[in-house]
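Participant: sequence first, then the predicted structure:
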Amino acid sequence: MLMKALGPELARAYLTVKRSEFTAFASQDVAFEIKHHIYTF
């Protein structure tokens, strides 16, 4: 539903960002993730 609402161009960009985040966080520990989210949000 989200992808349909975003449209093809934004959906591709969204997936690119989410995949990049997954790759970055997969090699880190929970403390890294918590620290990142505190400063981001």
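Facilitator: Looks like it arrived, so ask away. Numbers count the residues shown, from 1 in each chain.
Participant: what lies in contact with the helix or strand containing residue 39?
Facilitator: Taking DSSP states H and E as the definition, residue 39 sits inside helix 30-40. By C-beta atoms under 8 Å, 6 or more residues apart in numbering, the surrounding residues in contact with helix 30-40 are residue 25. C-beta coordinates here come from the backbone N, C-alpha and C atoms, glycine included.
Participant: what's the distance between residue 13 and residue 19?
Facilitator: 11 Å (C-beta to C-beta, to the nearest Å).
Participant: if I look at the most centrally placed residue in the chain, how far off is residue 1?
Facilitator: The chain has residue 18 as the residue nearest its centroid, 3.0 Å off, counting by C-alpha atoms, centre = their mean. Computed as C-beta to C-beta, the residue 18 to residue 1 distance reads 16 Å.
Participant: got it, and residue 17?
Facilitator: Note on residue 17: its distance to residue 1, by C-beta to C-beta, is 18 Å.
Participant: more crowded one of these two?
Facilitator: residue 17 (10 against 5; other C-beta atoms under 10 Å).
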